[in-house]
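**Q** coords please:
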Amino acid sequence: MTPNELREGDRVAFTIGRSTFHARVIEDRGHIGVGGRQIVRIELLPDDDAGDEPRRFEMPPEDLTREQTAA
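**A** Below is the predicted model:
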């Protein structure tokens, strides 16, 4: 694992349009992306998720900003 890789438990943020969303990394899917890049599964934090079911999806770390490293 390189220092820039995200890991399970890290808190991250990403922006879509003018909205910033906050999430937690729930799984490191490994280097399965284009060119061997890392893909992580994230879950939106409750403040950003108005639905009953948590919203989870996969993103590359390049699209995320680490806000807090997992303990």
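
**Q** wasn't residue 9 part of a helix?
**A** No: looking at residue 9 with DSSP: H, G, I helix; E, B strand; the rest coil, it is coil, so not inside a helix.

**Q** what residues are up against it?
**A** Contacts here follow CB atoms under 8 Å, 6 or more residues apart in numbering; on that basis residue 9 touches 24-25, 70-71. (Each C-beta comes from the backbone N, C-alpha and C, glycine too.)

**Q** narrow those to those in strands?
**A** 24-25 (DSSP state E).

**Q** neighbour-wise, which of the contacts of residue 9 leads?
**A** Counting neighbours by other CB atoms under 10 Å, the top entry in the contacts of residue 9 is residue 25, with 21 neighbours.

**Q** mind listing what that residue touches?
**A** Residue 25 touches 6-12, 40-42, 70, counting by CB under 8 Å, 6+ apart.

**Q** of those, which one scores lowest on pLDDT?
**A** In this model, the minimum pLDDT among these belongs to residue 70 (85).

**Q** find the nearest non-adjacent residue to that one, please.
**A** Leaving aside its chain neighbours, residue 70 sits nearest to residue 9 (2.8 Å; criterion: CB to CB, 6 or more residues apart in numbering).

**Q** just for this protein, where's the confidence low?
**A** For the chain, residues meeting the criterion pLDDT under 70 lie at 1-3, 48-52.

**Q** what about the strands in it?
**A** Under DSSP E, the chain gives strands at 11-16, 19-30, 39-44, 56-59, 65-68.

**Q** go through the ones you listed and pick out the most buried.
**A** strand 39-44 (a mean of 19; mean count of other CB atoms under 10 Å).
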